[in-house]
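1. here is the input, now give the coordinates:
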Amino acid sequence: MWYERNRRKRGRVMGTGTLVHGNIWWVSWNDFMGLPHPDFCWETENGTVLVDFKTCPKGKTAILDSNGKFYAGHYQPQFECYAHALKAAEIIVLAQLLYYPVSGLLIELHYE
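-> Numbering: from 1, shown residues only. Below is the predicted model of the structure:
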């Protein structure tokens, strides 16, 4: 399996302001064995949120510049792979997020 479940329930405030409870999944490095994987998964009753942690030495401007080397959209194929694998396992992906802790950015990626 890609991740281990953290057995503690957590609550988060989502955009609608409702409290959603879910399980936190952390990557199990023992099971990883070199395969691509999301850094963090949050399972809710409605589906799973995928989060990958990223760093960028250039800051917000570089992350949002669609012509630049550090553009967040360059990670879209990576998330598409995660989403397709989870869909095959009948897991609904609610959101795909890039988190840049140093820059203080949380970016949601979309695809069709």
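
2. what about the strands in the protein?
-> For the chain, strands defined by DSSP state E occupy the ranges 3-13, 19-27, 40-44, 47-53, 93-100, 105-109.

3. low-confidence ranges, the chain, go.
-> When residues are selected by pLDDT under 70, those of the chain lie in 1-36, 111-112.

4. give me the buried stretch members for the helix ranked longest in it, please.
-> For the chain, the longest helix by residue count, based on DSSP state H, is helix 76-88. Residues of helix 76-88 classed as buried: 78, 79, 82, 83, 85, 86 (neighbour count, 16 or more other CB atoms under 10 Å). C-beta: built from backbone N, CA, C; applies to glycine.

5. that helix vs strand 47-53, what angle?
-> 150 degrees (axes from the mean of the first three to the mean of the last three CA atoms, to 10 degrees).

6. put the alpha carbons of helix 76-88 into PDB.
-> Presented in PDB, the C-alpha positions along helix 76-88 are these (Å, rounded to 0.1, in the frame of the first residue of the first chain):
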ATOM      1  CA  GLN A  76       0.200  18.400 -13.100                       C
ATOM      2  CA  PRO A  77       1.400  15.100 -14.800                       C
ATOM      3  CA  GLN A  78       2.600  13.800 -11.500                       C
ATOM      4  CA  PHE A  79      -0.800  14.400  -9.900                       C
ATOM      5  CA  GLU A  80      -2.600  12.900 -12.900                       C
ATOM      6  CA  CYS A  81      -0.600   9.700 -12.300                       C
ATOM      7  CA  TYR A  82      -1.600   9.600  -8.600                       C
ATOM      8  CA  ALA A  83      -5.300  10.300  -9.500                       C
ATOM      9  CA  HIS A  84      -5.400   7.600 -12.100                       C
ATOM     10  CA  ALA A  85      -3.900   5.000  -9.800                       C
ATOM     11  CA  LEU A  86      -6.300   5.900  -7.000                       C
ATOM     12  CA  LYS A  87      -9.300   5.900  -9.400                       C
ATOM     13  CA  ALA A  88      -8.300   2.400 -10.400                       C
END
